[in-house]
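Novice: When you get a sec, could you give me coordinates for this:
(chains A and B, ligands or ions: 1)
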Amino acid sequence: MRTIAVLWASITMASALHAQVPTTPSDSAARAKAKADSIAADSIALIRELEQMQRGNAADTTRGTQVAGPSNPRLIPDISAIGDLVADLSPDGSTQESGNRFDIREVEVAIGAAVDPYFRADFILGLSDLEGIAIEEAYLTALSLPAALQARIGRFHMPFGKQNTTHRAELQTVEYPHVIQRFFSPEGLKGSGFWVSKIFAPFGFYQELQATAVNRLGDAPDDSVTLAEPLNKRLSGLGYSARLRNYWDLSEAANLELSFSAMTGKVEQPLGIELSFGSVTANAVPARQSDLGIDFTYRWKPLERALYKSFILQGEVIHQLNADAVAPLAPLICAPAPTCPLPDFGRSLTGGYVFARYQLTRRSFFGTRFDFVQNPAASEGSTKAGSTYLQFFPSEFSKFVVSYELLKPGTGLKSVNRILLQTTFAVGPHRPHPF
Amino acid sequence: MNIRIIFCAGVMALTLGASSQALAQPKLRIVTSTTDLDNIAQAVGGDRVSAIHISEGYQDPHFVEAKPSFILKLRNADVFAFVGLDLEIGWMSLLIDGARNPKIRQGGSGYLDVSRVVRVIDVARGNVDRSQGDVHPQGNPHYWLDPENGRRIARLFRDKFSELDPAGASTYAANARAFEARLNAAENQWKPQLAKLKGKPVVAWHTSWRYLAQYTGINIVGFMEPKPGVPPSPSHLAGLIQTMRRTGVKVIVMEPFYDRKTADFVAARTSAKVLILPPSVGAIKGVTDYISLMQYDIRQLADAL
Ligand SMILES: [Zn+2]
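Specialist: As a prediction, the model looks like this:
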């Protein structure tokens, strides 16, 4: 496995080095000379070609009206696709959900366009072997509301915390931080419902409040879990979230975001047995789950060296509060003698991470992350992990990542070494770079 | 006598009223994507507008971060003027969507795509894809380094500001005329230098110097970038060095935000020297307005060639 890892790394890095480190041309002068002229012509070939094609339209260009006609006369929406490939070369076997060593983790297809003067539509479909076709996001954004408001209806990444709003393929790490994977899901937390945001600046800096009301908190469990009545029968069973973003420019090169998030909703807690509630039976009960989060992102990028130098320091802490809806039913579950040990569903859990990324060259970055998250069973302590990343971007549209992680799953559990390689690549119109 | 005093007082009150009304008249709020557009907007708008910009002259205009603080700048803007031709594609939509300001959205009265009035070169015809690098299919967006385009930008601002602030129309027209007169006068001064530059071979880092080359008559025989936006590779540089030796290139022109070491590497192997030129207003000290930018670049080139 190590050989494959080295091989992959050297293949992806080889083109990198080849393209980047200037070697002394006199070393290979003879060979270079032969190739020289054709290569030198490379960059101007395109220009000359363009000029030639343009000459036919010279009259236009001198009039300056030559950006003639719309660039998209048939109003075709923007369509783009991202491939997200992961190889898992961990020494003790694949640590992927699929169990595969080499995997197309996901293909993401995004379609977006203005619907009419009032709305914009975005669809993001996720294709994977595990989930088939999934609607990752699909929402209508109202862009011309008064009072600096913006609203969405549909399915979207829940605006809770910093990294959860970023698509997995666009993360600066291969996977979400463990706290997001554990508290939400390996693909983050999405919700279907209503989203509204307002920006304001009463103190002179940027503030934004985002609030949502969604069908439920997180994904519904599979059909084997049954409740006496639907989770969202009452409005109190829906998911609600709020996030306050605060942003400051510390200097031209440095800035800071410090934000707070809160979310509440209901989730199913398993009873372990089937109980009857009036005329219906159920094997789970709804229980309130709430999350509180704080996150900060410090960015540094000197403008005049922006192509080559940058640094990000990011951290997030999430505290999850769980109501225990099972404990009150203990006499029923453990009847006749209420002695059976029930899991402690009411345990509050805390998790978080710190991530730093430093730009090494124009196209390569080094990142490192420390994770911790309390395990559901108190006896198992906390999951801790440290990981490092070497990213290489041949262009804005392709990325290669080599990462190593030491994962300590908790008290009495064996540590795992993980070696992950990732390639993501995008085709389609240039999408804006999320900040 | 009394009547006269009363009349005078009345006139004074009226003029005071009028001038305080003029003072209270809110300025047109202009936000531009670049410093060059900002400077021309100020030249045309004068006291009647307040103009601010998003990217600085010393930063690569292709890569600007969509900082939320820019959203605040755009939130109350009456006009957002941008270069267009995809130069701002990496950040503009995030800021416009974030700003929730219908005036500056596409179709709004303040959405001003400056590229629609300028003389554009390098428009792609036929098939274009990213194997050709980071191409701008609608044409080369670095058009402000051609004084004719400077004039057209000024006229566009004159028309747009007059449309949004009809009371200022005559001021905008006068300011635009004055700007053009200053630019024309400067161009006359540059004539000897331009004559000297005609046909001189140079190498440029990026296609951003194509407009200045066309204006000055210098001949760009190669680019440091093998393809637009693609960093130099050793094999490309080896070929470029051969071309430079053959054609007798004396100058490598580049922006201050690219990696000078690579250019120095090439210069050391040829008889060329590296000339770092400001591509925009504010890119270096002393280049504080559009005309001084053009003047500085032309003089530097003429001195070096
Ligand atoms: Zn460019």
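Novice: What are the boundaries of the strands in chain B?
Specialist: Ranges of strands in chain B, per DSSP state E, are B:28-32, B:49-53, B:79-82, B:111-113, B:201-204, B:219-223, B:251-254, B:273-276.
Novice: Next one: the closest residue to residue A:373 other than its chain neighbours relative to residue A:180, how far apart?
Specialist: In space, and not counting its chain neighbours, residue A:373 is closest to residue A:351: 3.0 Å by C-beta to C-beta, 6 or more residues apart in numbering or on different chains. Where C-beta positions appear, they are placed from N, C-alpha and C, glycine not excepted. Distance, residue A:351 to residue A:180, by C-beta to C-beta, to the nearest Å: 8 Å.
Novice: again, but for residue A:387
Specialist: 14 Å.
Novice: When those two are compared, which one has more neighbours?
Specialist: More crowded of residue A:387 and residue A:180, by other C-beta atoms under 10 Å in any protein chain shown: residue A:180, with 27 against 23.
Novice: Could you say which helix or strand holds that one?
Specialist: helix A:178-183 (DSSP states H and E).
Novice: Report all helices and strands that that helix contacts.
Specialist: Using 3 or more C-beta pairs under 8 Å, 6 or more residues apart in numbering or on different chains; DSSP states H and E as the contact test, the elements touching helix A:178-183 are strand A:311-322, strand A:349-359, strand A:364-374, strand A:382-395.
Novice: Pipe those into a markdown table and attach mean pLDDT and distance to residue B:85 per row.
Specialist: A markdown table is the format used below for the helices and strands packed on helix A:178-183 (pLDDT from 0 to 100; distance: least, C-beta to C-beta, whole Å):
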| stretch | mean pLDDT | distance to residue B:85 |
| --- | --- | --- |
| strand A:311-322 | 98 | 30 |
| strand A:349-359 | 98 | 28 |
| strand A:364-374 | 98 | 29 |
| strand A:382-395 | 96 | 19 |
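Novice: Tabulate those (TSV), appending distance to residue A:300.
Specialist: Shown next, in TSV, are these (distance: least, C-beta to C-beta, whole Å):
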stretch	distance to residue A:300
strand A:311-322	4
strand A:349-359	10
strand A:364-374	13
strand A:382-395	17
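Novice: Flag every residue of the stretch 201-305 of chain B that's near chain A.
Specialist: Counting by C-beta under 8 Å from any C-beta of the partner chain, the stretch 201-305 of chain B comes close to chain A at B:207, B:210, B:220-223, B:225-243, B:256-259, B:262, B:265, B:269.
Novice: if you look at these, which of them are in helices?
Specialist: B:210, B:234-243, B:262, B:265 (DSSP state H).
Novice: can you tell me which two in those residues are farthest apart?
Specialist: Pairwise distances across those (C-beta to C-beta) peak at 24.8 Å, for the pair B:210 and B:234.
Novice: Who's the closest spatial neighbour of residue B:299, skipping the chain neighbours?
Specialist: Nearest to residue B:299 is residue B:193, by C-beta to C-beta, 6+ apart, at 6.4 Å.
Novice: any idea how chain B splits into domains?
Specialist: B:28-184, B:190-304 (automatic domain parsing).
Novice: How about chain A?
Specialist: Split by automatic domain parsing, chain A gives A:1-76, A:77-427.
Novice: can you tell me which residues contact the residue nearest to residue A:373?
Specialist: Applying C-beta atoms under 8 Å, 6 or more residues apart in numbering or on different chains to residue A:351 gives the contacts A:177, A:178, A:179, A:182, A:183, A:317, A:318, A:320, A:371, A:372, A:373, A:374.
Novice: let's see 10 Å
Specialist: A:177-183, A:293, A:316-320, A:371-375, A:382-383 (C-beta atoms under 10 Å, 6 or more residues apart in numbering or on different chains).
Novice: Mind giving me the PyMOL select for those residues, buried ones only?
Specialist: Selection of buried members from the contacts of residue A:351 for PyMOL, criterion 16 or more other C-beta atoms under 10 Å in any protein chain shown:
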select buried, chain A and resi 177+178+179+180+181+182+183+293+316+317+318+319+320+371+372+373+374+375+382+383
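Novice: Residue B:236 touches residue B:224, doesn't it?
Specialist: Yes. Here residue B:236 lies in contact with residue B:224, judged by C-beta atoms under 10 Å, at a distance of 8.2 Å.
Novice: shaky segments in chain A?
Specialist: By pLDDT under 70, the weakly predicted segments of chain A are A:1-69, A:336-339.
Novice: quick one, helices of the chain?
Specialist: With no chain named, the answer covers chain A. A:2-20, A:29-55, A:58-63, A:178-183, A:330-333.
Novice: Hmm, no, I was thinking of chain B.
Specialist: B:2-24, B:35-45, B:68-75, B:92-99, B:147-164, B:169-197, B:210-216, B:234-247, B:260-268, B:290-304.
Novice: most tightly surrounded among those?
Specialist: Ranked by mean neighbour count, these are led by helix B:35-45 with a mean of 27 (mean count of other C-beta atoms under 10 Å in any protein chain shown).
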